[in-house]
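Participant: sequence-free structure coming up:
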């Protein structure tokens, strides 16, 4: 393993990462959970190629209950732990008590349940981190390796032709005999034929390599083809139509092929969460929940969203636990529409930016957003949001879509987007589903599933301090980001504020 | 070629024909250096003539063999002293290397079927690279010693390459194979980083490695054949030729593992694929080695190696380290039980002996038909046995499958996959497509074996 990691890092330094990655939704996974009495925060760094090694760091968030041993077991959604290799023990990280690290092989793309088990003086327990495995990049060959292989290849070709010629000339001569002219001529002919054959084989091999590269690029995670249209006027509607050929679901009774052939399921009450972010990450944001009108079409009214160009990100979750984000750029024409009756949509025309001081929002309340430590690419941090009334007392927030708050993280070039909750980047519905599937309960499919929330989420909910919400997250790469936080007040108003973050 | 006494009165053809038909060590030491048969016999044989010749040959055969390991027909220029070693050291090193490669390959396949994941430094990989290094280095040392020792590159007992170097023919092939193996290593490591672990066995870097392995194994065969052809009649050297051929045959059998499942053995495709591969190696081996039953011994080596891995692998405990796991695996999973190649190989030996001197295409035709007839006669009923519960007995190794196979594959009788149209279609296909494939493979094997027989450097 060490050789592979060293080589991988060497290649990363000298190699060139090619391939357009449209993988905006699920880059680094950060998930909070409790394994029995231990509160744990799990950071998952995915590999770029599948099969590949995934890097997992597990931190203890409960200082009074620290496990002594932590194990990790990746289980593909269809097989569960019965079809998974034995759990890998995580190694304690020196100098950071309560922190463990390990690497595990992820063999295929699809929805995985990472089973985290912790044991120690306070007892033991397990919980699941849902993980969507997908290849996101191709690896270019470093120049020096290319030259070395080309040189060796040329040497081998030349050597083979020479050996064929020499074999034809000398091999069947009795010892002591010297080759005569006809023999020498025959040897040259044999070498020439050998050269032609060798070149043909090498050409065939090159074509084969190109075909593998092409196939691999096709299997890379890429943005699904979608068409978004917005009508204008007083009944302004946004329609998202998925035109991609891979958007296909198994019919009842049909054999399930992969994670994405399972039906969509609602995640905290909604089948799709659609976000509109003003292009450039400045300007308005909207958090909408379209209705599904057929297998490929979703529509939502655009109540009050200002006209302009927006980046569209739509999150869906499959029953297997596989999460994906549909992306598009859409021009919204001027107009209006009545709001959605359930009142769960939200939009903000001007998003105040929190910097040094908190911003003032409605009813004189003050909204502050901060990060608990200096952000570094690939490392987990916690974003804290705090709403206080004018006199400084914390303000009560009410659950919105079952969560104490929502956050969105957008890189200013639009290539990274993450939708965060107080428990992390993962989907609660996926976690619950994988848990039930592990227990053998797979009865309900699709929209017939009742809205379900895991018990511990309610518990965390109840103990969250008023007006104080935290989001664990990991920035996947360097760059400038904008973090939007949305909470709902008791008056029903949804407050939005943003923080600009630069990750070195 | 000077001859003495009674031997001088025999024609070349009679000498050779008698040598082939008896194959015994003592009587035909005189015939060991008979030149290769160039043409067809010109005189038809009458029963009387045969009897007279037989009597004369009998007289020769009963002469006591000389104490030295030389023949009465050796040219004056050859050595008259027995060689210091019957098997030269460099040949031992190369054959050892070839064997290590094969053992490593079988081990690695079993590892991937059982444990799933590995690193570069597993024992199986080390066995493969040790074999390649041993063969490559010993041949390299030999080439350097020959090229820069007494006589240098102008020596006339080796194969010259690139003006300054000379060495044994098999040595050059081994050196090439070793370089190919070395090239494949960084290529394969990069490939895994770019496209992930092997989803299929054959990827471009693995094909480069396979070419390298083939180079070492073919180099070992050529080196053994050269030692056999230059040192008089030596059973041990001829056996080494058969062993090297057997190792090569085993590699070919491993390469077509996909077509060696029990369930495919009642389909034309099985006989076509095996007919396109095995006769090539066995016919060549039959021509190359001077044993009495060369192809049979070669096939016997293959069967012993494959049977050994069926019986030995499950003795070692192991469990999968990759998912998804389809059934419980507690010991190393072996590959298939060997195909019954000794029977068609014996048929090859008989045909080649009987058809000495005939047209090569005619020989190939008879070999092709004989192969399919003999192979189907034994493998078809044996497959029926393997498909029953008895086939799952550890002796036959049918109760094992790679870790990802679901548990249902390991219980119950196995059904044969059939061609559309039933057994009649299968039989017709065997008589046409499979026989044709075997004929072509035999023709190539005859050509290759003929070349091997001539290698003297």
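Facilitator: Thanks, I have it. All figures in this text were calculated on a predicted structure; none of them were measured in a lab.
Participant: residue A:135: what's it in contact with?
Facilitator: A:48-50, A:52, A:109, A:216, A:219-221, B:196 (Cβ atoms under 8 Å, 6 or more residues apart in numbering or on different chains). In short, each C-beta sits where N, CA and C put it, glycine included.
Participant: ok, now residue B:274?
Facilitator: B:256, B:259, B:339, B:375.
Participant: the first one: what's it in contact with?
Facilitator: When you say that, I think you mean residue B:256. Contacts of residue B:256 (Cβ under 8 Å, 6+ apart): B:273-274, B:277.
Participant: ok, the second one next?
Facilitator: When contacts are counted by Cβ under 8 Å, 6+ apart, residue B:259 touches B:269-270, B:273-274.
Participant: please report the distance of residue B:319 from residue A:104.
Facilitator: 16 Å (Cβ to Cβ, to the nearest Å).
Participant: quick one on the thing from earlier: nearest to chain A among the contacts of residue B:274?
Facilitator: residue B:256 (19.3 Å; Cβ to the nearest Cβ).
Participant: interface residues of the stretch 251-400 of chain B facing chain A?
Facilitator: Within the stretch 251-400 of chain B, the residues that sit near chain A (Cβ under 8 Å from any Cβ of the partner chain) are B:319-326.
Participant: mind checking which of those residues are buried?
Facilitator: Buried residues within these, counting neighbours by 16 or more other Cβ atoms under 10 Å in any protein chain shown: B:320-326.
Participant: most widely separated two among the residues you listed?
Facilitator: Spatially, the most separated pair among those is B:321 and B:326, at 14.6 Å (Cβ to Cβ).
Participant: mind listing the strands for the stretch 401-504 of chain A?
Facilitator: Under the criterion DSSP state E, counting those that start in this stretch, the stretch 401-504 of chain A contains strands at A:406-411, A:417-420, A:468-474, A:479-489, A:494-503.
Participant: any idea how far residue A:165 lies from residue A:154?
Facilitator: 17 Å.
Participant: likewise residue A:337?
Facilitator: 67 Å.
Participant: between these two, which is the more surrounded one?
Facilitator: Neighbour count, other Cβ atoms under 10 Å in any protein chain shown: between residue A:337 and residue A:154, residue A:337 has more, with 18 against 11.
Participant: and stretch A:53-73, does that touch chain B?
Facilitator: No. Figure legend: stretch A:53-73 not in contact with chain B (Cβ under 8 Å from any Cβ); closest approach 8.9 Å.
Participant: kindly check the end-to-end length of that stretch for me.
Facilitator: The straight-line separation of the ends of stretch A:53-73 (Cα to Cα, to the nearest Å) is 13 Å.
Participant: thinking again about what came up before, among the contacts of residue A:135, which are in strands?
Facilitator: residue A:52 (DSSP state E).
Participant: residues touching residue A:89, list them.
Facilitator: A:69-71, A:102.
Participant: hmm, who's touching stretch A:356-365?
Facilitator: A:352-353, A:366-368, A:386-390, A:395, A:489, A:491, A:493, A:495, A:497.
Participant: where does the chain dip in pLDDT?
Facilitator: All of this is about chain A. A:1-26, A:256-257, A:441-467 (pLDDT under 70).
Participant: that's the other chain; I wanted chain B
Facilitator: Ranges of chain B meeting pLDDT under 70: B:1-85, B:153-154, B:196-201.
Participant: which positions in the longest helix seen in chain A come out as buried?
Facilitator: What stands out as the longest helix in chain A, according to DSSP state H, is helix A:181-219. For helix A:181-219, the neighbour count (16+ other Cβ under 10 Å) marks A:183, A:187, A:190-191, A:194-195, A:198, A:212, A:216 as buried.
Participant: out of those residues, which comes closest to residue B:159?
Facilitator: Of those, the one sitting nearest to residue B:159 (Cβ to Cβ) turns out to be residue A:187, at 10.7 Å.
Participant: ok, that closest one - contacts?
Facilitator: Counted by Cβ under 8 Å, 6+ apart, residue A:187 has contacts A:165-166, A:168-169, A:179.
Participant: for it, which non-adjacent residue is spatially closest?
Facilitator: Among residues not flanking residue A:187 along the chain, residue A:169 sits closest, at 3.4 Å (Cβ to Cβ, 6 or more residues apart in numbering or on different chains).
Participant: which neighbouring elements make contact with the helix or strand that contains the one you found?
Facilitator: Residue A:169 belongs to helix A:143-170 when assigned by DSSP states H and E. Contact partners of helix A:143-170 among helices and strands, from 3 or more Cβ pairs under 8 Å, 6 or more residues apart in numbering or on different chains; DSSP states H and E: helix A:181-219, strand B:159-161, helix B:169-195.
Participant: repeat the analysis, applying 10 Å as the threshold.
Facilitator: helix A:2-14, helix A:181-219, strand B:159-161, strand B:165-167, helix B:169-195, helix B:204-230 (3 or more Cβ pairs under 10 Å, 6 or more residues apart in numbering or on different chains; DSSP states H and E).
Participant: report the angle between that helix and helix B:204-230.
Facilitator: Relative orientation of helix A:143-170 versus helix B:204-230 (axes from the mean of the first three to the mean of the last three Cα atoms, to 10 degrees): 20 degrees.
Participant: is it true that residue B:322 touches residue A:107?
Facilitator: Yes. Using Cβ atoms under 10 Å, residue B:322 is in contact with residue A:107, at 5.7 Å.
Participant: tell me, what's touching those two both at once?
Facilitator: Both residue B:322 and residue A:107 are in contact with A:51, A:74, A:85, B:116-117, B:197, B:404, where contact means Cβ atoms under 10 Å, 6 or more residues apart in numbering or on different chains.
Participant: from the contacts of residue B:259, which ones fall inside helices?
Facilitator: B:269-270, B:273-274.
Participant: alongside chain B, which residues does the stretch 201-350 of chain A contribute?
Facilitator: A:201, A:204-206, A:208-209, A:212-213, A:215-216, A:219 (Cβ under 10 Å from any Cβ of the partner chain).
Participant: and the helices in chain B?
Facilitator: B:12-22, B:47-62, B:89-114, B:123-148, B:169-195, B:204-230, B:235-255, B:268-288, B:294-312, B:342-354, B:360-386, B:423-429, B:435-454.
Participant: out of these, which comes closest to residue A:236?
Facilitator: Per Cβ to Cβ, nearest to residue A:236 of the helices of chain B: helix B:169-195, 46.5 Å.
Participant: quickly list the domain ranges of the chain.
Facilitator: Just so you know, I chose chain A. A:2-137, A:142-219, A:223-350, A:351-442+A:464-504 (automatic domain parsing).
Participant: oops, I was thinking of chain B
Facilitator: B:87-231, B:259-457.
Participant: run through the residues that contact residue B:99.
Facilitator: B:127, B:131, B:217, B:220, B:243-244, B:246-247, B:305.
Participant: re the thing from before, angle of the longest helix of chain A against helix A:143-170?
Facilitator: Going by the same axes, to 10 degrees, helix A:181-219 makes 150 degrees with helix A:143-170.
Participant: what's the following helix or strand after helix A:181-219?
Facilitator: Next in line after helix A:181-219, if elements are assigned by DSSP H and E, sits strand A:226-230.
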